[in-house]
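J.: Need coordinates for the below:
(one chain, ligands or ions: 1)
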Amino acid sequence: MLIAGNWKLFKGPTETSEFCAELRRHVVPNGIDVVVCVPFVSLVAAVTALDGSGVRVFAQNAHWQETGPYTGEVAAGMLAELGVTGTIVGHSERRQLFGETDETAARRAAHALASGLDVIACVGELEAERDEELTEDVLGRQVGAIIEATGASPRLTIAYEPVWAIGTGKTATPEQAQSAHAFIRTLVDAPILYGGSVKPENAAVLLGEPDVDGALVGGASLDVDSFAAICAAARSVSV
Ligand code: PEP
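T.: Have a look, this model is predicted:
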């Protein structure tokens, strides 16, 4: 069971050091895997503050080339050099706001895996796509692109994040999450996280579904108490 916090564009280096010092007092991985996905500029602070805690530090994106004329991009090898052990790719905010496509997300995933990083590759349908009963088509296309580029890797994790549930307070029902996860399971042999307004109040019921292997948590990962409560819920359902 993996609980990953996605901090998005929150917490610079000073706040990261303070937060991680607090986090290691409240969250002992103990039986579950815990990851924080922090902004690039805060990675060193997070790696330093969490050293020896068992909580791992991931980036939120990584480019598909190691060097070159790619202004504003960061390479997987550069991240590994910092002690970062993985990265998110293809988050819906990148897809919606920054032109990420199935192809670029897949290239990022393949290069990060080849560079020794773990990858959380995000997939998920828009509300209109769900309404039109296109959820499985969309997931099939998005997961298919990742698999075609990466092959099977023990370091690949898929995050099912219905776009209509991210940062909206709307959560997929446990049945909706389970059904999407079971479908993704037919496509790929990898752990599958659920993401979309996971909170302490709904974590246990979502994580209790048979094909839900963990959670990617946005807003609720920004507060130590709520992130710790979600980790505790994960531990309670994984024993
Ligand atoms: C996310 O950023 O991946 C996410 C799921 O956000 P939230 O938990 O805030 O919906």
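
J.: And for residue 221, nearest residue in space, chain neighbours not counted?
T.: residue 5 (2.7 Å; CB to CB, 6 or more residues apart in numbering). Any C-beta I mention is one placed from the backbone N, CA and C, and that applies to glycine too.

J.: ok, how many other residues are close to the residue in the chain that the ligand sits nearest to?
T.: Closest residue of the chain to the ligand, CB to the nearest ligand atom: residue 218 (2.1 Å). Other residues lying near residue 218 total 22 when counted by other CB atoms under 10 Å.

J.: and the nearest residue to it once chain neighbours are set aside, what does it touch?
T.: Excluding the flanking residues, the one nearest residue 218 by CB to CB, 6+ apart is residue 6, at 5.0 Å. Residues near residue 6 by CB atoms under 8 Å, 6 or more residues apart in numbering: 37, 60, 88, 91, 195, 216, 217, 218, 221.

J.: Tell me how far residue 6 lies from residue 93.
T.: 9 Å (CB to CB, to the nearest Å).

J.: so how far is the helix or strand residue 3 falls within from its chain's centroid?
T.: Assigned by DSSP states H and E, residue 3 belongs to strand 2-6. Strand 2-6 sits 6 Å away from the centroid of its parent chain (CA atoms, centre = their mean, to the nearest Å).

J.: Quick check: buried residues in it?
T.: By 16 or more other CB atoms under 10 Å, the buried positions in strand 2-6 come out as 2, 3, 4, 5, 6.

J.: Just want the phi and psi numbers for the closest residue to the first one other than its chain neighbours.
T.: When you say that, I think you mean residue 2. Sequence neighbours aside, residue 214 is the residue nearest to residue 2 in space, at 3.6 Å (criterion: CB to CB, 6+ apart). Torsion angles at residue 214 (phi, psi; degrees, to the nearest 10) stand at phi 150, psi -170.

J.: my guess is residue 214 contacts residue 191, does it?
T.: Yes. Look at residue 214 against residue 191 with CB atoms under 8 Å: they come within range, at 6.4 Å.

J.: Ramachandran coordinates for residue 63?
T.: Torsion angles, degrees, to the nearest 10, at residue 63: phi -80, psi 170.

J.: so where's the chain shaky on pLDDT?
T.: Along the chain, no part satisfies pLDDT under 70.

J.: all strands of it, in order?
T.: 2-6, 33-37, 56-59, 86-89, 118-123, 156-160, 192-195, 214-217 (DSSP state E).

J.: Would you mind pulling up the elements that the last one packs against?
T.: It refers to strand 214-217. If you count contacts as 3 or more CB pairs under 8 Å, 6 or more residues apart in numbering; DSSP states H and E, strand 214-217 packs onto strand 2-6, strand 192-195, helix 200-207, helix 224-238.

J.: So which bits of stretch 206-222 are buried?
T.: 206-207, 209, 211-222.

J.: Quick check: phi and psi on the residue in the chain sticking out farthest from the centre?
T.: Residue farthest from the centre of the chain, counting by CA atoms, centre = their mean, is residue 69 at 27.5 Å. Here is the backbone geometry of residue 69 (degrees, to the nearest 10): phi -80, psi 70.

J.: contacting residues for it?
T.: Contacts of residue 69 by CB under 8 Å, 6+ apart: none found.

J.: The ligand contacts on the protein?
T.: Within the chain, the positions adjacent to the ligand are 6, 8, 161, 166-167, 195-198, 216-220 by CB under 6 Å from any ligand atom.

J.: if we go to 8 Å?
T.: Counting by CB under 8 Å from any ligand atom, the residues of the chain close to the ligand are 6, 8, 88, 91-93, 122, 159, 161, 165-169, 195-199, 216-221.

J.: among those, which ones are buried?
T.: Counted by 16+ other CB under 10 Å, those give 6, 8, 88, 91-93, 122, 159, 161, 165-166, 195-199, 216-221 as buried.
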